[in-house]
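[1] next come a sequence and a model predicted from it.
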Amino acid sequence: MLRKSLFALMFASILATAVFADTLAIGSKLEDFTLKDPKGKAYKVSELKGEHGTLFVFLSAQCPVVSLYNDRINALASEYAAKGIPFVGLYSNDTECLNWVKHHSSTTYKFKTLVDEGHVIADRFGAEYTPEIYYFDASDKLVYHGAIDDDRYGREITRNHLKIALDEQLAGKAITRNDIQAFGCSIKREAE
């Protein structure tokens, strides 16, 4: 019985890794899509694009890691919106009701947030975590994917991955580290 349980657990783990290991590759093009904000207004992503592209951050109303990042995310969003890179938050968890997301978004973030019902965009991107970043440049090409920095608590940050990448991009340089493993809470998908 224990052997069967272990086998089933290993198989499920391998299957989950295979299903969600496919993330957009650096250089992939952003396909336009439409999602609603928490109040129900629909937005085409192409309408939210800035002079220097669009940055997507996968968010959660319940993830403690996202909670630790909220101030840092807002500060980065404010700084880079002024430089032509708007942030767009995506709520993709099946476990979060719309009222919860609406309250969290309106009381926490100062940038546009959208609801990814059925985690369609999370699946398209291959997103696994909250927070997880996907930055597309002005030509809609994915140029950065991954973590914001290297310390979830914000006390001992040794590398601000996202800030460095955005600054390199804005300076016209190649991004030196463009795919950094994200970490946080897993995106909760409906059972199939």
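    Arrived safely, thanks for sending. Numbering: from 1, shown residues only.
[2] low-confidence bits of this structure, can you list those?
    Residues of the chain that meet the criterion pLDDT under 70 lie in 1-21, 191-192.
[3] next, Phe58: secondary structure please.
    strand (DSSP: H, G, I helix; E, B strand; the rest coil).
[4] please name the residues that touch it.
    89-90, 92, 122, 127, 129-132, 187 (C-beta atoms under 8 Å, 6 or more residues apart in numbering). The C-beta positions use only the backbone N, C-alpha and C, and glycine is treated the same way.
[5] test my guess that Ile73 contacts Tyr109.
    Yes: contact criterion C-beta atoms under 8 Å: Ile73 and Tyr109 qualify, at 7.4 Å.
[6] so between the two, which is more surrounded?
    With neighbours defined as other C-beta atoms under 10 Å, Ile73 and Tyr109 compare such that Ile73 has more, 22 against 17.
[7] helices or strands up against whatever helix or strand the more buried one lives in?
    Counting by DSSP states H and E, the element that carries Ile73 is helix 64-81. In terms of contacts (3 or more C-beta pairs under 8 Å, 6 or more residues apart in numbering; DSSP states H and E), helix 64-81 is packed against strand 54-59, strand 87-91, helix 161-170, strand 185-186.
[8] out of those, nearest to Pro38?
    Across the helices and strands packed on helix 64-81, Pro38 has its closest neighbour in strand 87-91 (7.5 Å, C-beta to C-beta).
[9] chain center to the closest one, what's the gap?
    Strand 87-91 has its C-alpha centroid displaced from the chain centroid by 7 Å (C-alpha atoms, centre = their mean, to the nearest Å).
[10] who does it pair up with?
    As defined by DSSP bridges, the strand partners of strand 87-91 come to strand 54-59 (parallel), strand 112-115 (parallel).
[11] for the chain, which segments count as strands?
    34-36, 42-44, 54-59, 87-91, 112-115, 129-130, 132-136, 142-146, 179-180, 185-186 (DSSP state E).
[12] circling back: can I get the contacts of Phe58 in JSON lines with neighbour count and distance to Asp37?
    Output for the contacts of Phe58, formatted as JSON lines (neighbours: other C-beta atoms under 10 Å; distance: C-beta to C-beta, whole Å):
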{"residue": "Gly89", "neighbour count": "28", "distance to Asp37": "10"}
{"residue": "Leu90", "neighbour count": "24", "distance to Asp37": "11"}
{"residue": "Ser92", "neighbour count": "26", "distance to Asp37": "14"}
{"residue": "Ala122", "neighbour count": "23", "distance to Asp37": "17"}
{"residue": "Ala127", "neighbour count": "27", "distance to Asp37": "19"}
{"residue": "Tyr129", "neighbour count": "22", "distance to Asp37": "22"}
{"residue": "Thr130", "neighbour count": "28", "distance to Asp37": "18"}
{"residue": "Pro131", "neighbour count": "26", "distance to Asp37": "18"}
{"residue": "Glu132", "neighbour count": "27", "distance to Asp37": "20"}
{"residue": "Ile187", "neighbour count": "24", "distance to Asp37": "19"}
